[in-house]
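Trainee: just a sequence and a predicted model for now, questions to come.
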Amino acid sequence: MWGIVVALISGALMSLQGIFNTEVTKQSSVWAAAGWVQLTAFLTCVALYFMTGRGEILGMFSVDRKYMLLGGVMGAFITWTVIKSMDGLGPAKATLLIVITQILVSYLTEVFGMFGVEKTGFEWRKLVGAALAIAGIVVFYWKSGK
């Protein structure tokens, strides 16, 4: 149950962050807004690190697959792509497309066991679920002929 609550909070925060960042971009620039997001995220992480107990910082550099350390680089481009998609499509349509892409990429990652994720194998019902989500986008934006 806790995982569901956290996922719901995460989705809400991601949507709101995209809207906030898009508005900041209108008065600055996309890279200034993305940089501010990354800087404030870093400062928040440092503060929480000291407030919640200290784990081993240097342990992250002993990760077997060094490419796993590229999450921050991805984060910068995630911020940029969310800002640009929300600016071009609006928050609802952009978020729907982002979530559908997350579902498809996550499922493919599980099916093929990529990046150290346990391989789960293909299931038709999950593909049907993804197709229904895509159909949901179509229904969400269906324009009547009136």
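Mentor: Noted; the coordinates are in hand.
Trainee: any low-confidence regions in this protein?
Mentor: 144-146 (pLDDT under 70).
Trainee: ok, longest helix in it?
Mentor: helix 2-27 (DSSP state H).
Trainee: next secondary structure after that helix?
Mentor: Next in sequence after helix 2-27, counting helices and strands by DSSP states H and E, comes helix 30-52.
Trainee: report the buried residues of the following helix or strand past that following helix.
Mentor: Using DSSP H and E, the helix or strand that directly follows helix 30-52 along the chain is helix 71-89. Neighbour-count burial for helix 71-89, counted by 16 or more other Cβ atoms under 10 Å, picks out I78, T79, W80, V82, I83, S85, M86, D87. Just so you know, the C-beta spots here come from the backbone N, C-alpha and C atoms, and that holds for glycine as well.
Trainee: can you list contacts of helix 71-89?
Mentor: The contact list for helix 71-89, computed with Cβ atoms under 8 Å, 6 or more residues apart in numbering, reads 14, 17-19, 21-22, 25, 30-31, 33-34, 37-38, 41, 94-95, 97-98.
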